[in-house]
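# The following block contains a protein sequence and its predicted model.
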Amino acid sequence: MTTSPMTVLVLGSNGQLGFELMRAAWAPGTRVVGLPYPEFDVTRPGDVEAAVSTHAPDLVINATAHTAVDKAESESDLAFAINRDGPAAMAAACAARGLPLIHVSTDYVFDGTKPAPYVEEDPINPLGVYGASKAAGEEAVRTGVVRHLILRTSWVYSAYGNNFVKTMLRFGRERDEMRVVADQTGGPTAAADLAAVIVHVAARIAAGEGGALWGTYHLTGGGVTTWHGFADRIFQRLEERTGRRPRLVAIATSDYPTPARRPANSRLDCTKARERLGVATPPWEESLDRVLDELFTNPPQA
């Protein structure tokens, strides 16, 4: 029996994850349609319905997000419009057509007080607007469309867009000393690794295996570190490339006050993703080195 080529709709294709999804190694015959902002605006009434209606996908991936954690505290309406109302509209459009929806969420739905890595069933308790809006988005997807897959991740970075890695590289070239928080722990996640997992899941959905996959999963880079440890690895590689390395000073979260509170423990247990989705990400150090190689040799324009 011949199956039709799969059409995948990536909403928010010019963000970090969207960019990696658009250049990922999809199965032969897969048609990937990317809608970037502002051509597609998840806060604009009708954009979601129009996108799904126009492109008639077999799978929708939500790569949109309001991720400015501190700004979310002062623009909560926008954060909830993007992180809750957008996914709700996607869920409704997918449910009406019997389509599956892959949605990406965050470690910030937890408060970080658990002494061990978080599992999917742990109670959520977001500390700020960003986490609360993402938690509301999860619930909108969960209740809005049966065929859904939610991936919670953490500390996402890539060679594209704005992120901690690129910020540290810039500061490392400009400053002689950097003070970085050393009491927040989590798993740095390369957007390319997250995209590769989504591509794998999409192939299983196309093969008719989706019924065994629906639900919520944790997916981060392999291993854990602190923001200080993350920065130290970046500066090691900067020194190897340029001979320059700023002095790195470990500080406490209390020494660097921000509008939004951060979870001290962002470690996510990814056992369920390994066992049910059949995926595993590389150690975060390996993925970071690949991204740094790209940034040093052939950086994307944006």
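Structure received.

# Now for residue 49, how many residues are close by?
Burial measure for residue 49: 14 neighbouring residues, criterion other CB atoms under 10 Å. Backbone N, C-alpha and C define where each C-beta goes, glycine included.

# isn't it right next to residue 88, touching?
No. Using CB atoms under 8 Å, residue 49 makes no contact with residue 88, being 11.9 Å away.

# For residue 55, see how far away residue 97 is.
Applying CB to CB, to the nearest Å, the value for residue 97 to residue 55 is 11 Å.

# helix, strand or coil for residue 232?
Three-state call for residue 232 (DSSP: H, G, I helix; E, B strand; the rest coil): helix.

# ditto for residue 272
State at residue 272, reduced to three classes by three-state DSSP: helix.

# Do I have it right that residue 171 meets residue 177?
No. Between residue 171 and residue 177 there is no contact under CB under 8 Å: 9.7 Å.

# Can you get me a residue count around the closest residue in space to residue 218 that isn't next to it in sequence?
In space, and not counting its chain neighbours, residue 218 is closest to residue 268: 3.8 Å by CB to CB, 6 or more residues apart in numbering. Residue 268 has 26 neighbours, counted by other CB under 10 Å.

# got a list of what residue 268 touches?
For residue 268, the contact set (CB atoms under 8 Å, 6 or more residues apart in numbering) comprises 107, 117, 118, 152, 153, 154, 186, 187, 218, 219, 220.

# how much space between the fourth one and residue 118?
With distances defined as CB to CB, the gap from residue 152 to residue 118 amounts to 8 Å.

# what is in contact with these two at once?
107, 218, 268.

# burial of the second one, as a residue count?
If I follow you right, that is residue 218. Neighbour tally, residue 218, other CB under 10 Å: 24.

# What pLDDT is listed against residue 90?
Residue 90 carries a pLDDT value of 98.

# do the same with the one 4 residues further on
Per-residue confidence for residue 94 comes out at a pLDDT of 98.

# try residue 3
52.

# who's in contact with the residue lying closest to residue 135 once chain neighbours are set aside?
Of all residues not flanking residue 135 in the chain, residue 109 sits nearest, at 4.4 Å (CB to CB, 6+ apart). Residues near residue 109 by CB under 8 Å, 6+ apart: 124, 125, 126, 131, 134, 135, 138, 152.

# Residue 109 and residue 164: what is the separation?
For residue 109 relative to residue 164 (CB to CB), the value is 20 Å.

# How about residue 122?
Residue 122 is 25 Å from residue 164, where distance means CB to CB.

# From residue 108, how far out is residue 234?
For residue 234, the distance to residue 108 equals 22 Å [CB to CB].

# Quick one: list the elements packing against the helix or strand harbouring residue 9.
Here residue 9 sits within strand 7-11, counting by DSSP states H and E. Counting contacts by 3 or more CB pairs under 8 Å, 6 or more residues apart in numbering; DSSP states H and E, strand 7-11 is packed against helix 16-22, strand 31-35, helix 47-55, strand 59-62.

# Name the residues of that strand that are buried.
Residues of strand 7-11 classed as buried by neighbour count (16 or more other CB atoms under 10 Å): 8, 9, 10, 11.

# ditto for stretch 171-186
Within stretch 171-186, the residues scored as buried using 16+ other CB under 10 Å are 171, 172, 178, 180, 181, 182, 183, 184, 185, 186.

# Stretch 225-244 now?
Neighbour-count burial for stretch 225-244 flags 225-235, 237-238 (criterion: 16+ other CB under 10 Å).

# Now do it: everything it contacts.
Contacts of stretch 225-244 (CB under 8 Å, 6+ apart): 155, 164-165, 168-169, 172-173, 178, 180-188, 245-246, 248, 250-251, 284-285, 288-289, 292, 296.

# Of these, which belong to helices?
The helices, defined by DSSP state H, take in 164, 165, 168, 169, 172, 173, 284, 285, 288, 289, 292, 296 from the contacts of stretch 225-244.

# List the contacts of the fourth one.
With contacts defined as CB under 8 Å, 6+ apart, residue 169 is in contact with 234, 238, 292, 295.

# Tell me who's in contact with the third one.
Read that as residue 292. By CB under 8 Å, 6+ apart, residue 292 lies in contact with 165, 169, 234, 237.

# For stretch 89-101, which residues meet the burial criterion?
When neighbours are counted by 16+ other CB under 10 Å, the buried residues of stretch 89-101 are found to be 89, 90, 91, 92, 93, 94, 95, 99, 100, 101.
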